[in-house]
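In: curious how this folds, go ahead:
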Amino acid sequence: MARILLIEDSPTDTAVLTQLLERNGHQVLAASSAEDGIEACKREKPDLVMMDIVLPGMNGFQATRALSRDADTAAIPVLIVSTKGMDTDKAWGMRQGARDYIVKPPREDELIARINALLGG
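Out: Below you'll find the predicted structure:
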C-alpha cells in the first residue's frame, strides 16, 4: 500500500481516482490546487504524487518543477494525469521532472501498473 497525493481540481476526477486507488489498496491524500499540493507534499511526504496539469493558479507543470527541484520532495515520483495528450505536453511534463505521464481517463490496469513501476513494485 502506498500513500498517494492526488493534486486535482475536479471533484469528479478526484472521487473517481480516489475510488480506483483505494480499491487497489492505496491511501489517498487530496489537494485541489498546486499550491496546496506542494504544501501537502512537503508536510506528508507521500510515496507518489499524481498531478493534474490544468489547475487554478499555478499549473501542474509549474508544481511538478517546484517539487522536483526542492531537496525535500525531489525523491518523490510525480505521475502526471492529464487530459492534455499531445506529445509536446508529455515531453514538457517529463522535462519538468515528472517520472511518467498518463492521459485521462486512465484505464485502471494501466494506471496501477504505472504506479507500481514508479514505486518499484
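In: the helices in the chain, which residues?
Out: Taking DSSP state H as the test, the helices found in the chain are 11-23, 34-44, 60-69, 87-95, 108-118.
In: pick the most buried one from these.
Out: helix 60-69 (a mean of 22; mean count of other CB atoms under 10 Å). For every residue, glycine as well, the C-beta is placed using N, CA and C.
In: what is the mean pLDDT for that helix?
Out: What helix 60-69 shows for mean pLDDT is 98.
In: and it, what does it pack onto?
Out: The helices and strands touching helix 60-69, judged by 3 or more CB pairs under 8 Å, 6 or more residues apart in numbering; DSSP states H and E, are helix 34-44, strand 48-51, strand 78-82, helix 87-95.
In: any chance of JSON lines for the ones you listed, columns distance to V16?
Out: Converted to JSON lines, the helices and strands packed on helix 60-69 look like this (distance: least, CB to CB, whole Å):
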{"stretch": "helix 34-44", "distance to V16": "18"}
{"stretch": "strand 48-51", "distance to V16": "12"}
{"stretch": "strand 78-82", "distance to V16": "11"}
{"stretch": "helix 87-95", "distance to V16": "21"}
